[in-house]
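Undergrad: sequence and predicted structure, then a few things I'm wondering about:
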Amino acid sequence: MNMETNEHIKDDVTVTEVAENAPATTAVPLRKAVFLDRDGVINIDHGYLHQPEQFDFIDGVFEACRHLQNLGYLLIVVTNQSGIARGYYTEHQFALLTSWMKQQFAAQGVKIDGVYYCPHHLEKGDNPYNIDCDCRKPRPGMFNQAIREYGIDPAQSMMLGDKAADMQAAAAAGVTRKVLVLSGQALSDEDKQQADEVWPSIHTALTAVEN
Ligand SMILES: [Mg+2]
Ligand SMILES: [Zn+2]
């Protein structure tokens with residue numbers, strides 16, 4: 001699901017951003033993007049957090065994202081939010097937190113171009129969320145939707161995640177540079193083998209991404 005087209009947040013101030021970023025025709029050159037997992041990459045993963053008071057930004061995330069934006073990358077968040085399926089919080093609460101998060105980035109000169117989320121979980125969810133969806137990572141549905149909606153070339157794009165599922169979803173969508181950050185989940189060697197690079201945190205983008 002795309003935040004910008006979600007019924008619940010039609011009044012979101014960023015509604016017009018989709019139109020600005022969407023390619024007018026197929027002749028428009030494809031863009032490059034950084035796909036960002038949220039929990040463990042942007043913020044400390046406290047588990048199913050859904051309020052600004054619980055949202056602690058990881059050190060250096062604003063500088064890193066500003067750097068990537070300045071290099072011409074779209075910033076696209078792709079986040080599994082099974083806390084919605086589990087009944088821990090609602091899509092509306094998620095939308096409010098997302099608006100707040102985007103405002104914090106904007107105050108630091110960073111525009112988050114898009115936010116995609118999966119509210120589903122096949123076993124833990126209640127109707128209508130207990131479906132075998134295409135969007136929950138490791139499946140690539142959120143990536144593929146963003147690629148269509150923003151005219152993104154996955155071969156020029158990156159994924160920053162903290163789980164093997166992030167790497168698998170990105171790989172399935174054709175994203176070529178897959179980075180695991182150590183600021184989130186504990187990672188096995190097997191997990192790390194699914195990434196092209198392993199960074200201490202997103203802040204490493206300042207030195208590791210040059211174009
Ligand atoms: Mg994560
Ligand atoms: Zn889903």
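TA: That came in fine, so what should we check first? Ligands and ions are numbered 1, 2, ... in the order given.

Undergrad: name the next helix or strand downstream of the longest strand that the chain contains, please.
TA: Counting residues, the longest strand found in the chain (DSSP state E) is strand 74-80. From strand 74-80 onward toward the C-terminus, using DSSP states H and E, the following helix or strand is helix 82-85.

Undergrad: does that next one reach ligand 1?
TA: No. Against ligand 1, helix 82-85 shows no contacts by CB under 5 Å from the ion, the least distance being 11.7 Å. No exception for glycine: its C-beta is placed from N, CA and C like everyone else's.

Undergrad: roughly how far is that helix from the heart of the chain?
TA: Relative to the mean C-alpha coordinate of its chain, helix 82-85 is positioned 16 Å out (CA atoms, centre = their mean, to the nearest Å).

Undergrad: also stretch 138-147?
TA: Worked out by CA atoms, centre = their mean, stretch 138-147 lies 10 Å from the chain centre.

Undergrad: list the contacts of the residue in the chain that ligand 1 sits nearest to.
TA: Taking CB to the ion, ligand 1 has its nearest neighbour within the chain at G40, 3.6 Å off. With contacts taken as CB atoms under 8 Å, 6 or more residues apart in numbering, G40 has the following neighbours: 161-163, 181, 183-185.

Undergrad: with E210 instead?
TA: Neighbouring residues of E210 by CB under 8 Å, 6+ apart: L71.

Undergrad: anything in the longest helix along the chain sitting right up against ligand 2?
TA: Ranked by residue count, the top helix of the chain under DSSP state H comes out as helix 91-107. No. Under the criterion of CB under 5 Å from the ion, helix 91-107 makes no contact with ligand 2; the nearest approach is 11.9 Å.

Undergrad: packing partners of that helix?
TA: For helix 91-107, the helices and strands in contact under the criterion 3 or more CB pairs under 8 Å, 6 or more residues apart in numbering; DSSP states H and E are strand 114-118.

Undergrad: how far away from the center of its chain is the strand it packs on?
TA: Taking the mean C-alpha point of strand 114-118 and that of its whole chain, the gap between them comes to 6 Å (CA atoms, centre = their mean).

Undergrad: that one vs ligand 1: in contact?
TA: No. Contact between strand 114-118 and ligand 1 is absent, the nearest approach being 12.2 Å (criterion: CB under 5 Å from the ion).

Undergrad: got the angle between that strand and strand 74-80?
TA: Relative orientation of strand 114-118 versus strand 74-80 (axes from the mean of the first three to the mean of the last three CA atoms, to 10 degrees): 10 degrees.

Undergrad: quick one: contacts for the residue most central in space within the chain?
TA: Computing the C-alpha centroid of the chain and ranking residues by CA atoms, centre = their mean puts V77 first, at 1.9 Å. Residues touching V77, when contacts are defined by CB under 8 Å, 6+ apart, comprise 35-38, 42, 112, 114-117.
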